[in-house]
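Colleague: please work out how this folds:
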Amino acid sequence: MQNNVDQKVSKFVKAHEKKLKGLTRNSSVPFTYKDAVVNILSYKLPEEELDILKFGHTFSTKPLHLNKSHIFTTFELLH
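Modeller: Next up is the predicted model:
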């Protein structure tokens with residue numbers, strides 16, 4: 001699972017480095033979670049969660065295996 005996350009992070013960073021370089025002629029992404037995440041809760045988030053949150057609300061990792069029958073059963077229970 002960690003390898004999957006590392007690959008997604010690497011891909012994300014490379015894509016944004018390319019965009020940033022094209023826009024500003026800089027070659028690195030200059031942000032950490034402190035630049036992108038504001039915690040308004042009293043709950044202290046662990047560093048790992050903050051590092052994931054910096055990628056935004058649309059970032060996710062693909063599950064290793066999807067069980068179609070489980071998905072269909074859950075969908076049927078909802079409707």
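Colleague: ignoring the adjacent residues along the chain, who's closest to Leu50?
Modeller: Tyr33 (3.9 Å; Cβ to Cβ, 6 or more residues apart in numbering). All C-beta atoms are positioned from the backbone trio N, CA, C, and that covers glycine.
Colleague: got the phi/psi numbers for that neighbour?
Modeller: Tyr33 adopts backbone torsions of phi -60, psi -30, taken as degrees, to the nearest 10.
Colleague: that one: what's it in contact with?
Modeller: 47, 50-51, 53-54 (Cβ atoms under 8 Å, 6 or more residues apart in numbering).
Colleague: quick check: the gap between it and Ser69.
Modeller: Distance of Tyr33 to Ser69, computed by Cβ to Cβ, to the nearest Å: 38 Å.
Colleague: likewise Glu17?
Modeller: Distance from Glu17 to Ser69, by Cβ to Cβ: 41 Å.
Colleague: who has more neighbours, these two?
Modeller: Glu17 (14 against 7; other Cβ atoms under 10 Å).
Colleague: what helix or strand is that one on?
Modeller: Element membership for Glu17, per DSSP states H and E: helix 2-24.
Colleague: what comes up buried for the helix or strand immediately after that helix in the chain?
Modeller: For helix 2-24, the following helix or strand on the C-terminal side (DSSP H and E) is helix 33-36. For helix 33-36, burial by neighbour count (16 or more other Cβ atoms under 10 Å) applies to Tyr33.
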